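Asker: Quick one, what's the 3D model for this:
(chains A and B)
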Amino acid sequence: MNSNNNILVKLNNAGFRQSEKWLVEGISLTIEKGKIVTLIGPNGSGKSTTAKIALGIYKNIEGSVEKYTTKVGYVPQKISIDWTLPIRVYDFMLLTETIEDSAIDEALSLTGVIHLKNKNLGSLSGGEFQRVLIARAISKKPELLVLDEPVQGVDYTGEIALYELIKKISDTLNCGILLISHDLHMVMTATDHVICLNGHVCCSGSPLDVAKNNEYKALFGEKASQILTTYEHKHDHVHSDKGEIKKN
Amino acid sequence: MFDDFFIRALFAGIGIAFVTGPLGCFVVWRRLSYFGDTLAHSALLGVTMAYTLDLNIAISVFLISSIIALLLIQLQKRTNLPGDALLGLLAHSSLAVGLVVIGFLTFIRFDIMGLLFGDILAVTTDDLFVIWIGGALILIVLKLIWKPLLASTVNYELAEAEGLNPDRAKAIFTILMAAVIAISIKMVGLLLITGMLIIPAAMARNISDSPQKMVLFSIIGGLLSVILGLYSSLEFNTSSGPSIIAAALILFILSLFKIKQSIKLKN
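Answerer: Take a look at the predicted model:
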């Protein structure tokens, strides 16, 4: 690993318990500048909980969190906004930090929702709102970006474009990204480090290592393993004629 | 200029409207109207304490309301009772204790109606001083916590994750609520203070599309209510509090026409 000043967040054996039930325990992970760390795992495996521990939203945790940055952008999985508050997309962009209009416009253009700038937040569709959430998180040029299923509800072409954008942002801003995603293609192509969760860390490593891991196979099934390893073969022309693997 | 009781009342009311406008918006957004009621009810205890110990009413009410707010937070942590039950418990028991204490203080003549519904004759030059200085302080503090408070109103976890310390903003806001009740009790009366907070803000919600606009319209609505209410109070010899609140209600009803229009436009 790189020298220590590249580390943005470090979880040491962290866990969180809610009314006597462990949501996650024994999580150790490190997020560094310019790297994408992805959390995968079935529903209820503690992915969002782990993200919230890393963000410092959960306070009474076991273990420890070392956080070396305050410039954080967060796209939560669920967001319940109370519409008694009149708020436009523009106001929402300025919610946690005062940023220049040009930066707002740039971020909204990148996620393809610049035309919604003066619309009321309550009038957006699910996919549009998701794009605004991503725009808001990246517009403040964070050092740490935490994306909890950022493209849920976004149309298929938009999904690909947004993942490309996320990858580009990690390169251009040199920020560390903690990504939660069910999209195993994204995990494979763009991620530096994969952590497979199921209440604890099942296995972790490079995408390929994880795909070959037996615990991963047990959790996601053989098929998912093939999806990940497909990419290995994609770059390896010798095996490209294997039809069954090509099938996504 | 402040020799005339009516001019004093007018300036007091204007000062109060500047503060209740923005605070009222947060009361509506954060669904705190029953919390406001509870603090207002407990203010009676503050008033009796002021008379017994010969303190300034605003300061005494502020102290008691803050204590009640802290008690509420503790009770929420330590019991399994729902929030509204705790609010009711504190509101009515503090009102009852306040009235019982008044019963014992036979040597002081209380104007209960004035306490409950406000009395423009009661506003002194000292009160004006408390309202304007106190009000300015409240607004300055609110300006300082505006961003974290608004962000956590929209989404608590977002505010917490991005380092805005929403818990601190919430605690400070609770103190501001106690303070606004303390400065407006004489004028509006303890039964109607929440109305002064909520009705202009609710009116503003109907005609605004951004938080800033809602705050602005809420202040304007409050100012109009105070001016209209006080003149009609003078004209018809009615209590100041109900007159102001009734004026605010009329503005709210007018604002409903604006909603109707925008719904029509959408269809």
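Asker: Show me how far stretch B:147-161 is from its chain's centre.
Answerer: Its chain's C-alpha centre and that of stretch B:147-161 lie 23 Å apart, by Cα atoms, centre = their mean, to the nearest Å.
Asker: mind checking the end-to-end distance for it?
Answerer: Distance between the two ends of stretch B:147-161: 14 Å, counting by Cα to Cα, to the nearest Å.
Asker: In contact with the closest residue to chain A within the stretch 1-150 of chain B, which residues?
Answerer: Using Cβ to the nearest Cβ, the closest approach of the stretch 1-150 of chain B to chain A is made by residue B:29 at 4.8 Å. Glycine gets a C-beta too; all of them are placed from N, C-alpha and C. Going by Cβ atoms under 8 Å, 6 or more residues apart in numbering or on different chains, residue B:29 touches A:82, A:84-85, B:153.
Asker: Am I right that residue A:73 is in a helix?
Answerer: No - under DSSP: H, G, I helix; E, B strand; the rest coil, residue A:73 falls outside any helix and is assigned strand.
Asker: So, low pLDDT: which residues of the chain?
Answerer: I'll assume chain A. A:1-4, A:225-248 (pLDDT under 70).
Asker: sorry, should have said chain B
Answerer: Counting by pLDDT under 70, chain B shows low-confidence ranges at B:1-3, B:260-267.
Asker: Please identify the residues of it in proximity to chain A?
Answerer: B:28-29, B:31, B:147, B:150-151, B:153-155, B:157-164, B:205, B:208-214 (Cβ under 8 Å from any Cβ of the partner chain).
Asker: My understanding was that residue A:128 contacts residue A:113; is that so?
Answerer: Yes - taking contacts as Cβ atoms under 8 Å, residue A:128 lies within contact range of residue A:113: 5.9 Å.
Asker: For chain A, which segments count as helices?
Answerer: Residue ranges of the helices in chain A, as given by DSSP state H, are A:47-55, A:89-93, A:101-110, A:126-139, A:156-172, A:184-190, A:207-212, A:214-220, A:222-234, A:243-246.
Asker: Could you do chain B as well?
Answerer: Ranges of helices within chain B are B:5-29, B:33-53, B:57-78, B:83-104, B:112-117, B:125-154, B:156-161, B:166-188, B:193-207, B:211-236, B:240-266, based on DSSP H.
Asker: list the contacts for residue B:178?
Answerer: Residues counted as contacts of residue B:178 (Cβ under 8 Å, 6+ apart) are B:39, B:61-62, B:65-66, B:68-69.
Asker: ok, now residue A:80?
Answerer: The contact partners of residue A:80, taken as Cβ under 8 Å, 6+ apart, are residue B:155.
Asker: Kindly provide the distance from it to residue B:109.
Answerer: Relative to residue B:109, residue A:80 is positioned 52 Å away (Cβ to Cβ, to the nearest Å).
Asker: now the residues of chain B next to chain A: which count as buried?
Answerer: Among those, those buried by neighbour count (16 or more other Cβ atoms under 10 Å in any protein chain shown) are B:28-29, B:147, B:150-151, B:153-155, B:157-164, B:205, B:208, B:210-211, B:214.
Asker: number of nearby residues for the residue nearest to residue B:244 when sequence neighbours are not counted?
Answerer: Closest residue to residue B:244 apart from its sequence neighbours, by Cβ to Cβ, 6 or more residues apart in numbering or on different chains: residue B:229 at 3.3 Å. Using other Cβ atoms under 10 Å in any protein chain shown, residue B:229 has 27 neighbouring residues.
Asker: Does residue B:229 touch residue B:247 like I think?
Answerer: Yes - using Cβ under 8 Å, residue B:229 is in contact with residue B:247, at 4.1 Å.
Asker: sorry, back to before: any chance of TSV for the helices of chain A, columns mean neighbour count and distance to residue A:178?
Answerer: Output for those, formatted as TSV (neighbours: other Cβ atoms under 10 Å in any protein chain shown; distance: least, Cβ to Cβ, whole Å):
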stretch	mean neighbour count	distance to residue A:178
helix A:47-55	24	6
helix A:89-93	21	22
helix A:101-110	16	19
helix A:126-139	22	12
helix A:156-172	16	11
helix A:184-190	20	13
helix A:207-212	20	15
helix A:214-220	16	19
helix A:222-234	16	19
helix A:243-246	11	30
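Asker: To chain B, which of the ones you listed lies closest?
Answerer: helix A:47-55 (4.0 Å).
Asker: Next, the contact list for the residue positioned nearest the centre of chain A, please.
Answerer: For chain A, the residue nearest the mean C-alpha position is residue A:179 (1.7 Å; Cα atoms, centre = their mean). Listed by Cβ under 8 Å, 6+ apart, the contact set of residue A:179 reads A:36-39, A:147, A:150, A:166, A:186, A:191.
Asker: next one: residue B:180
Answerer: Residues near residue B:180 by Cβ under 8 Å, 6+ apart: B:16, B:19-20, B:23, B:138, B:193, B:197.
Asker: one more time with 7 Å
Answerer: B:19-20, B:23, B:138 (Cβ atoms under 7 Å, 6 or more residues apart in numbering or on different chains).
Asker: swap in residue B:236?
Answerer: Taking Cβ under 7 Å, 6+ apart as the contact definition, residue B:236 lies against nothing.
Asker: now do residue B:123
Answerer: Residue B:123 neighbours (Cβ under 7 Å, 6+ apart): B:8-9, B:12, B:186-187.
Asker: What is the most widely separated pair among those?
Answerer: Pairwise distances across the contacts of residue B:123 peak at 10.9 Å for B:8 and B:186 (criterion: Cβ to Cβ).
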